[in-house]
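Q: next input, structure requested:
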Amino acid sequence: MDDALNDLAELTDALYRAELQKMAALSAKEADLRHKLAELDALRSTNRSLPPGQLTVVRQIGADVLWQGWVSRTRETLNLELAQILAQKEYMKSELQRAYGKQMAAAAMRDKARNKASQDRAKRFWQAQDDLQVLKSSRD
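A: Got it, this is the predicted structure:
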């Protein structure tokens, strides 16, 4: 029984670690998307701070409209990806909590079985000591 509980505890621990790795991968994707959004904001603010002379030339050739369209589309795409990642993370949180609960329950069952086995061994030891004392006293 102890081997089965050890195996169960190891299995649930491995499943929990696998869920943690999935969550870490999603968190890395989230951080990357947030970084890209920050870079896009920095590019947009840099473009807005162009000197008036350069801005006039950009407007004359229509590049500012193209630029704003690209920025808007890119921002929309990044925000959509970020929303999907955040939704996945929310789902993964519940999966992670479930895996953690299973890990803790299996560890508690294993520890309880170990404690019971230890108590049983101690009880048998002390019973043997008592039996030995009875045998010794009966010889005397």
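Q: helices of this protein, start to end?
A: Ranges of helices within the chain are 2-48, 52-60, 63-139, based on DSSP state H.
Q: confidence-wise, which of those is weakest overall?
A: Note on the helices of the chain: lowest mean pLDDT is at helix 52-60, with a mean of 59.
Q: what lies in contact with stretch 15-26?
A: Residues from elsewhere that reach stretch 15-26, judged by Cβ atoms under 8 Å, 6 or more residues apart in numbering: 85, 88-89, 92-93, 95-96, 99-100, 102-103. In this view, the C-beta of every residue, glycine as well, is placed from N, C-alpha and C.
Q: at 7 Å instead, please
A: Identification of contacts with stretch 15-26 by Cβ atoms under 7 Å, 6 or more residues apart in numbering yields 85, 88-89, 92, 95-96, 99-100, 103.
Q: center of this structure - which residue?
A: L20 (3.3 Å; Cα atoms, centre = their mean).
Q: that residue and A113, how far apart?
A: 26 Å (Cβ to Cβ, to the nearest Å).
Q: swap in N6?
A: For N6 relative to A113 (Cβ to Cβ), the value is 9 Å.
Q: same thing with A38?
A: Using Cβ to Cβ, A38 is found at 52 Å from A113.
Q: who's more crowded, these two?
A: Higher neighbour count among A38 and A113: A113, with 15 against 10, using other Cβ atoms under 10 Å.
Q: just give the number of residues close to the residue nearest to V71 when sequence neighbours are not counted.
A: Spatially, and ignoring its direct neighbours in sequence, V71 is nearest to R44 (5.5 Å; Cβ to Cβ, 6 or more residues apart in numbering). Per other Cβ under 10 Å, the neighbour tally for R44 reads 16.
Q: doesn't W70 make contact with R44?
A: No. R44 sits out of contact with W70 when judged by Cβ atoms under 7 Å, with a separation of 10.3 Å.
Q: would CSV of the contacts of stretch 15-26 with neighbour count and distance to D131 be doable?
A: Below are these laid out as CSV (neighbours: other Cβ atoms under 10 Å; distance: Cβ to Cβ, whole Å):
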residue, neighbour count, distance to D131
I85, 20, 67
Q88, 16, 63
K89, 16, 62
M92, 18, 57
E95, 13, 54
L96, 16, 52
A99, 21, 48
Y100, 15, 46
Q103, 21, 42
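Q: good, wrapping up.
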